[in-house]
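> sequence unavailable; structure follows:
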């Protein structure tokens, strides 16, 4: 969930990897509140980490930056998914966002590239399906797609950790 400590845990794991760290940020500062959130993350990020900002082409960024001597930390899949849904809705408003070829291709590319990557990959994602069913159609679609994405990615991962109230709970 939001402010659960998941990014802090991911950053700690990346730092403890002993590898060169590439931090992939998917957030976009589209309003003042999000800019403030981004600044909070930037302020605590280590200065020796390489920063790559990418809102949409996550599979491409991973392909270009993963290496045997690197730990790539992606923060976060949730914002990336949101970026994809909004871009797809802008591109083809007549289609449900998750039905757009761009959306489906991007998710498929991520799931296909993950098992092929060298080095260590740390992915941050929100668990959004634990609350009430959202009222708006787009919010329901987002929650459904986030749940599906988390399932697909978790199936590929060696380790999955849920962070609640700052406490890491090993799921896998």
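That came through, no problem. Not measured: the values here are computed from a predicted model.
> give the contact list for residue 60.
Applying Cβ atoms under 8 Å, 6 or more residues apart in numbering, one finds that residue 60 lies in contact with 54, 109. Heads up, the C-betas are built off the backbone N, CA and C, glycines and all.
> again, only this time at 10 Å
54, 106, 109-110, 113 (Cβ atoms under 10 Å, 6 or more residues apart in numbering).
> next: residue 126.
By Cβ under 10 Å, 6+ apart, the contact list for residue 126 reads 1-2, 4, 6, 76-79, 81-82, 146, 150, 163.
> apply 7 Å and report the result again.
With contact set as Cβ atoms under 7 Å, 6 or more residues apart in numbering, residue 126 has these partners: 1-2, 76, 78, 146.
> just checking: what are the partner strands of the helix or strand encompassing residue 162?
Assigned by DSSP states H and E, residue 162 falls within strand 161-164. Strand 161-164 sits in its sheet next to strand 167-170 (antiparallel), going by DSSP bridges.
> could you list the low-pLDDT ranges of the chain?
Scanning the chain for pLDDT under 70 picks out the ranges 90-99.
> the strands in the chain, which residues?
Per DSSP state E, the chain carries strands over the ranges 20-25, 50-53, 70-75, 120-124, 161-164, 167-170.
> residues near the closest residue to residue 19 other than its chain neighbours, how many?
With Cβ to Cβ, 6 or more residues apart in numbering as the criterion, residue 19 has its nearest non-adjacent residue at 4.2 Å, and that residue is residue 71. Close neighbours of residue 71, defined as other Cβ atoms under 10 Å, add up to 23.
> which PyMOL command selects the buried ones in the contacts of residue 126?
Command for PyMOL that selects the buried part of those, burial taken from 16 or more other Cβ atoms under 10 Å:
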select buried, resi 76+78+146
